[in-house]
Structure formats: structure tokens, C-alpha cells
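Q: Here's my sequence, what's the structure:
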Amino acid sequence: MNKRIVKTDLTAKGDRGAVFRYIKVVMDRETVNDSDAAIEILAPTEQRVPLVFSSPHSGRDYPADFLAASKLDAMAIRRSEDSFVDELFSHVPYHGAPLLKALFPRAFVDPNREPYELDPSMFRQPLPKFVNRRSPRVAAGLGTIARVVASGAEIYSCKLDFEEVVARIERCYRPYHEALEDLITQTRTMFGTCILIDCHSMPSIGGPMENDAGRRRQVDFILGDAHGRACARPLTMLVEETLRGMGYSVVRNTPYSGGFITRNYGRPERGVHALQIEINRALYMDETTFERTAGLAKVTSDMNDLAARLVELEPAALAA
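A: A predicted model of the protein is given here:
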């Protein structure tokens with residue numbers, strides 16, 4: 001496959017500096033267009049702070065052949081989306097930090113998993129030995145290629161070929177992680193440390209990996225730091241105190257303590273601190289119609305203020 005990168009200037013003028021839009025395209029054709037894009041990076045012309053933001057589940061470009069192979073309708077297939085999370089954090093480039101976001105949907109391939117966490121029951125042929133068949137995510141139907149959406153509904157009407165999985169991982173998963181690794185490495189090289197904020201949303205009523213799937217969630221934010229292993233405590237404390245000061249209810253690590261991205265990249269001893277943020281969708285959207293509500297403007301403003309607070313955090317406070 002040929003890899004191409006397309007860069008487009010989004011703002012000809014701006015009182016806080018121009019922001020660029022980067023599209024990384026993985027393709028085997030000669031033409032370049034947005035439909036080939038796997039990821040997008042919103043970045044300042046010059047990175048000024050040791051922060052990187054990641055939104056791996058807000059993609060909503062559903063391939064036609066994927067929809068055709070699904071037994072779910074166009075609305076039901078979206079139950080796993082972190083809808084509009086990329087919008088909630090869209091202002092971070094103005095604070096001097098990049099925002100990486102997936103354009104492909106989580107139901108198609110999930111970049112917050114190991115490269116090959118797969119359920120053998122989904123495939124026509126036996127899977128290679130290197131595949132992780134036994135993780136809790138696979139058991140819940142939410143592996144790298146999910147069997148179900150977040151509501152628990154089965155996605156596929158027939159079994160898959162393993163070659164299709166490989167193609168999805170090469171076209172979508174690997175570009176996401178290549179870009180994330182590059183951003184983390186560049187940030188740590190420039191500043192000596194890197195703070196990775198992994199941005200997610202959660203349904204207001206449970207999910208397939210929770211014991212209380214039928215109960216309405218009372219908390220607004222869940223912070224996942226892998227129980228203190230993925231980042232220094234002052235980072236988690238700063239985010240928690242900031243959100244509480246805004247009037248939100250916040251808990252740590254229950255039931256979401258951090259996915260693959262947080263656990264894989266969070267290495268405080270190496271100067272990389274990763275924190276997962278889960279936002280209750282009822283704060284900003286209608287979960288039935290997938291429409292923005294009036295609350296989206298407030299949450300976006302608050303996330304902008306949170307980014308401003310993170311910018312003020314002294315790197316010395318994160319020393320392991």
C-alpha cells in the first residue's frame with residue numbers, strides 16, 4: 001500500500017495562531033480524497049505545551065460494505081460511538097496541543113484494543129496463534145473487531161474472513177497508533193515529558209462490560225489512570241479537582257480504569273503520563289437520536305477551560 005499525508009490549512013487568519021488539519025491516508029489507489037482518510041490531526045502551527053489529546057472512538061465514517069454486512073440499521077450501529085467527543089475537545093490546538101482523532105468508527109475497528117483481540121466464533125477459519133482470544137474485552141464482544149455494539153446487539157449477519165481483519169488493521173488501526181506514537185515521541189523530545197489525555201464518552205445507562213447494565217449512571221465523569229500506574233497522581237488530582245469545581249460528579253477507575261491506549265502508552269517512569277476521561281453522554285447529546293443538545297456548548301466550554309488548566313501544570317509536578 002502507498003501512504004500519503006494531506007495537509008490543509010483550516011484558518012487563513014486567527015488571533016490565536018493558525019490551526020492545521022492533517023489527514024493521513026492509507027490506500028492502494030492513485031487518487032487522494034477524504035473518503036480514504038483513516039485519521040485526522042488538528043494541530044497548532046507550533047506545539048507549545050507537552051500535551052497530546054486522543055479521540056479514538058468519535059469516528060463516524062461507516063464503509064458501505066461494512067453496513068451491508070451488518071444486521072443492524074444505521075442508527076443501531078452507532079451505539080458504540082463516542083459521538084461528538086472530538087467536538088468537545090476541538091479547541092485544544094488553540095492552547096498549543098494537537099488533537100488526534102479517528103475518522104473510522106469503533107464498530108469497524110477499535111484502536112483502543114490490542115492489535116488482535118478477537119473472538120474466534122466470529123470467523124470462518126481458525127485464527128493464528130498470536131491472536132488474543134481470552135481478554136475480558138473479547139468475552140464482552142468488544143474486541144479489536146467488535147461482535148456487538150455497546151447496547152449488546154450483534155453486529156454481523158455472517159462470519160468474517162481473517163483477511164478482512166488484517167485489512168482493517170492495516171488501513172485504520174496502524175495509522176492511528178503510528179500517528180499517536182509520533183506525537184508522543186515528538187512531544188517528549190521537545191519538552192522532556194508528555195501528557196496524553198485519551199478522550200471518551202460513556203452511555204448514561206450501563207454497558208455490556210458492566211454489572212449494572214440496566215441502571216442509570218449517576219456520575220458525570222470517570223477518570224482512568226490504571227489505578228495510578230498510567231500517570232502521576234498530581235495529573236489525576238488536577239483533572240478531578242477542576243471538574244468538581246465546575247460542578248460535575250467525578251469518580252476514578254470504576255468501572256473504566258483505562259483501555260489499551262492509556263495502559264500501553266502511560267509510562268510515568270519514562271516521562272509519559274496517560275489519563276483516560278469518560279464523559280456521560282447525557283450531558284451533551286440525545287442518546288436515542290444522536291443529536292447534539294444545548295448541553296454540548298457548556299461541556300465544550302468546560303473542556304476548553306480544563307485544557308487551559310492542564311497547560312498550567314508544571315512538568316516538575318509529574319516527576320516520577
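Q: can you give me phi and psi for Leu42?
A: Dihedral angles phi and psi of Leu42 (degrees, to the nearest 10) take the values phi -100, psi 120.
Q: Oops, could you answer that again for Arg292 instead?
A: Per degrees, to the nearest 10, the backbone of Arg292 is at phi -70, psi 140.
Q: Spit out the contact partners of it.
A: If a contact means C-beta atoms under 8 Å, 6 or more residues apart in numbering, then Arg292 has Phe84, Tyr284, Met285, Asp286 as its contacts. The C-beta positions use only the backbone N, C-alpha and C, and glycine is treated the same way.
Q: cool, Ser257 as well?
A: Ser257 sits next to Gly224, Asp225, Ala226, His227, Gln276 when contact means C-beta under 8 Å, 6+ apart.
Q: Sort out which one of those residues lies nearest Ala68 for me.
A: Gln276 (33.1 Å; C-beta to C-beta).
Q: I'd say that closest one and Phe221 touch.
A: No. Look at Gln276 against Phe221 with C-beta atoms under 8 Å: they stay out of range, at 10.5 Å.
Q: In terms of neighbours, single out the busier of the two.
A: Looking at Gln276 and Phe221 with other C-beta atoms under 10 Å, you find the greater number of neighbours at Gln276, namely 27 against 20.
Q: mind checking the SS state of Arg309?
A: Three states are possible here, and by DSSP: H, G, I helix; E, B strand; the rest coil the one that applies to Arg309 is helix.
Q: Can you pull the poorly scored residue ranges out of the stretch 201-320 of the chain?
A: 206-217, 320 (pLDDT under 70).
Q: switch to 90 and redo it
A: Low-confidence regions of the stretch 201-320 of the chain, defined here as pLDDT under 90, cover residues 205-218, 314-320.
Q: Asp305 touches Met246, doesn't it?
A: Yes. In terms of C-beta under 8 Å, Asp305 counts as a neighbour of Met246; the distance is 7.4 Å.
Q: Then Gln186 would be within a strand, right?
A: No. Gln186: not assigned to a strand; according to three-state DSSP it is helix.
Q: And the strands in the stretch 151-300 of the chain?
A: If you assign secondary structure with DSSP state E, counting those that start in this stretch, the strands in the stretch 151-300 of the chain sit at 194-202, 221-224, 250-252, 272-280, 285-286, 291-292.
Q: can you tell me which of those comes nearest to Glu312?
A: Nearest to Glu312 among these is strand 194-202; the distance by C-beta to C-beta comes to 11.9 Å.
Q: send the alpha carbons of the closest one over as PDB?
A: Listed next in PDB are the C-alpha coordinates belonging to strand 194-202 (Å, rounded to 0.1, in the frame of the first residue of the first chain):
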ATOM      1  CA  CYS A 194       4.300  14.100  27.500                       C
ATOM      2  CA  ILE A 195       0.800  14.200  29.000                       C
ATOM      3  CA  LEU A 196      -1.700  12.100  26.900                       C
ATOM      4  CA  ILE A 197      -5.400  12.800  27.500                       C
ATOM      5  CA  ASP A 198      -7.400  10.000  26.000                       C
ATOM      6  CA  CYS A 199     -11.000  11.300  25.400                       C
ATOM      7  CA  HIS A 200     -14.100   9.100  25.600                       C
ATOM      8  CA  SER A 201     -17.800   9.100  26.400                       C
ATOM      9  CA  MET A 202     -20.000   6.600  28.200                       C
END
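Q: Pairing partners for it, with directions?
A: Applying DSSP bridges, strand 194-202 is found paired with strand 51-55 (parallel), strand 272-280 (parallel).
Q: If you count neighbours, what's buried in it?
A: Applying a neighbour-count criterion of 16 or more other C-beta atoms under 10 Å, one finds Cys194, Ile195, Leu196, Ile197, Asp198, Cys199, His200, Ser201, Met202 buried in strand 194-202.
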